[in-house]
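Peer 1: Attaching a predicted model along with its sequence, questions to come.
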There are 2 protein chains.
Amino acid sequence: MRRDIFQAIADPTRRAIIALIAVQAMTPNAIAEHFDTTRQAISKHLKVLTECELVKQEHQGREIYYQLEIDKMKEIDKWLEQFRKIWESRFQQLDQLLSIIKKGK
Amino acid sequence: MRRDIFQAIADPTRRAIIALIAVQAMTPNAIAEHFDTTRQAISKHLKVLTECELVKQEHQGREIYYQLEIDKMKEIDKWLEQFRKIWESRFQQLDQLLSIIKKGK
DNA sequence: TATATTTGCAACCAGTTAGTTGCGATACTT
DNA sequence: AAGTATCGCAACTAACTGGTTGCAAATATA
């Protein structure tokens, strides 16, 4: 099964999980308590997140702490870069236009 | 049907379409020429992109030019903000650690 | 007016997804 | 050793997705 980070963040529950464990690592049960669904459903989401390496496990006895791989999030940031360039250049153009208008006055 | 921007960018073809029309507005036919699929498939992707307001149409005779709503992309950037804070603070911590080690020498 | 081009919409299909239930493995606790 | 808690895996289901084909509407051209 193909997994990529964009597919991983497409699901709102998964985005919520990411935001949760970004603060601190948590076990599946602890995560599931924050949602209105079964532990197994959360477990499945964690599997998807693990497959695309957005999350890593840390075994501690019978508990497994899931932690966000924050570096992986930078991939989205990297993809956004091309568009950031565009909206910044448009802002600059607007800025220049405004200063031209100002000078004209 | 619920549409949100994260679901829209989950599909690689849609991401490619977005990158294409970010440069300049294009008609469905012109876009479809860049892909190895039918015009109708592209049309469906454009519909999804339109539904979540990532794209706007500009009618010109019988042709419809699709243009990227670059501002909508900022929503992704906004969502990333919370994580950017985390990775920047971790980088700072690493930076401080390195300078402490340096001083110790 | 007849014809061709551009496009969107509806119906359909195969594959995927998110969710549930049931079960077995592992690790603590008494 | 027996019981309990944490967890992943497999099977199943309903809903959704991306894709195709066919068709109708609107605009341009002969």
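Peer 2: Arrived safely.
Peer 1: and chain A, which residues reach DNA strand C?
Peer 2: A:1, A:7, A:10-11, A:13-14, A:37-38, A:40-41, A:44-45, A:48, A:61-62 (CB under 7 Å from any atom of the strand). Any C-beta I mention is one placed from the backbone N, CA and C, and that applies to glycine too.
Peer 1: any idea which helix or strand carries residue A:21?
Peer 2: In the assignment (DSSP states H and E), residue A:21 maps to helix A:12-23.
Peer 1: Can you spell out which helices and strands pack onto that helix?
Peer 2: Packing partners of helix A:12-23 (3 or more CB pairs under 8 Å, 6 or more residues apart in numbering or on different chains; DSSP states H and E): helix A:28-32, helix A:39-51, strand A:63-68, helix B:70-104.
Peer 1: Confirm for me that residue A:16 is in contact with residue A:35.
Peer 2: Yes - with contact defined as CB atoms under 8 Å, residue A:16 counts as touching residue A:35 (7.2 Å).
Peer 1: Just want the most central residue of chain A.
Peer 2: residue A:73 (5.5 Å; CA atoms, centre = their mean).
Peer 1: Spatially nearest residue to that one (excluding sequence neighbours)?
Peer 2: residue B:83 (4.6 Å; CB to CB, 6 or more residues apart in numbering or on different chains).
Peer 1: for residue A:16, what are its contacts?
Peer 2: A:34, A:35 (CB atoms under 8 Å, 6 or more residues apart in numbering or on different chains).
Peer 1: And the pLDDT for it?
Peer 2: Looking at residue A:16, its pLDDT reads 98.
Peer 1: With residue A:1 instead?
Peer 2: Looking at residue A:1, the pLDDT reads 60.
Peer 1: Around DNA strand D, pick out the residues from chain A.
Peer 2: A:27-30, A:39-40, A:43, A:46-47, A:57, A:62-64.
Peer 1: now, which of the residues of chain A next to DNA strand C sits nearest residue B:93?
Peer 2: Residue B:93 lies nearest to residue A:14 out of the residues of chain A next to DNA strand C, by CB to CB, at 27.0 Å.
Peer 1: how close does the closest one sit to residue A:41?
Peer 2: 11 Å (CB to CB, to the nearest Å).
Peer 1: Tell me, please, where in chain A the pLDDT is lower than the cut-off.
Peer 2: The model of chain A has pLDDT under 70 over residues A:1-2, A:103-105.
Peer 1: Pick out the residue of it closest to chain B.
Peer 2: residue A:10 (3.7 Å; CB to the nearest CB).
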